[in-house]
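In: For reference, the sequence and a predicted model appear below.
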Amino acid sequence: MNKIYFSLFKICSLIICFITSSCCNEDLTAAYKLSENAKSIVPFIDYKELNYINELGQSSIASTQPRILETKTEKPGPDSCQYYEYETLRNFINFENPGFSVQIEMSSNFGKEFFGLSYLEVENESSVESFNLENYTIAMDDFQQARKDTTIIDFQFNDVYIFSNEENRVIKTIVYSSSGRGIEFVEFVDGSFLKLE
């Protein structure tokens, strides 16, 4: 009887040894973090109301949601023991009239910081438009080099990010603040606009 237990113990020990030796210890190879400067561009840690004025001088309210900062992990392959981490930051600004949202997203993948905006209709979530950051190329070290001065419909904006996409059917241009104010200006395809007060 003792020999059977001893044999079972040896077999279980071999199985456990085989299982643990075929598994590897995960190895963090890199951690890409968003800079504090990049995070400051999306300052909305709590819910906040923003006041906009349209082309007719009427007020329009937008509300922000608290930003979401996450650390994500990726492996170069499914069987790899190595992985890397990168940060993403997301936020929404929800406009009441007209009803739409703009999603703000940043990431710090492979040592570069990326910044993007998307438009979503409240009534039709399948209606999505994306925007290109003007003056930005993938060869740049980070998106912050894309800041510029511009004039849109007689309004002057300094040191801002300009997002546009000629194929969009609703929003033509979004001017985004580099100083933590969020969306400064929304220019619609039909010529109407919203300007942050």
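Out: Arrived safely.

In: Give me the below-cutoff pLDDT ranges for the protein.
Out: Low-confidence segments of the chain (pLDDT under 70): 1-23, 124-127, 137-142.

In: Helices along that one, start to end?
Out: Per DSSP state H, the chain carries helices over the ranges 2-22, 36-40.

In: So L89 is in contact with Q103, correct?
Out: No. Between L89 and Q103 there is no contact under CB atoms under 8 Å: 11.2 Å. Placement of C-beta: from N, CA and C, glycine included.

In: Is the residue sitting nearest the centre point of the chain bridged to anything, and to what?
Out: In the chain, the centroid-proximal residue (CA atoms, centre = their mean) is E105; its distance is 1.6 Å. According to DSSP bridges, the partner residues bridging E105 are R90, G116.

In: What's the separation between it and V189?
Out: Taken as CB to CB, to the nearest Å, the spacing of E105 relative to V189 amounts to 23 Å.

In: distance of the spatially closest residue to A38 that is not a sequence neighbour from A146?
Out: Setting aside the residues directly before and after it, A38 is nearest to E113 in space (CB to CB, 6 or more residues apart in numbering), at 5.1 Å. Separation of E113 from A146 (CB to CB): 11 Å.

In: of the two, who's got more company?
Out: E113 (23 against 18; other CB atoms under 10 Å).

In: and the more buried one, what does it touch?
Out: L34, S35, A38, M106, S107, D142, F143, Q144 (CB atoms under 8 Å, 6 or more residues apart in numbering).

In: ok, now with 7 Å
Out: By CB atoms under 7 Å, 6 or more residues apart in numbering, E113 lies in contact with L34, S35, A38, M106, D142, F143.

In: same check, this time on A62
Out: Taking CB under 7 Å, 6+ apart as the criterion, A62 is in contact with L50, Y52, I93, N94, F95, E96.

In: Check those residues against D27 and report the nearest one.
Out: Closest to D27 out of the contacts of A62 is I93 (39.2 Å), distances taken as CB to CB.

In: what's the burial count for the closest one?
Out: 22.

In: Look up how far S118 lies from it.
Out: 11 Å.

In: Same question for N165.
Out: In terms of CB to CB, N165 sits 10 Å off from S118.
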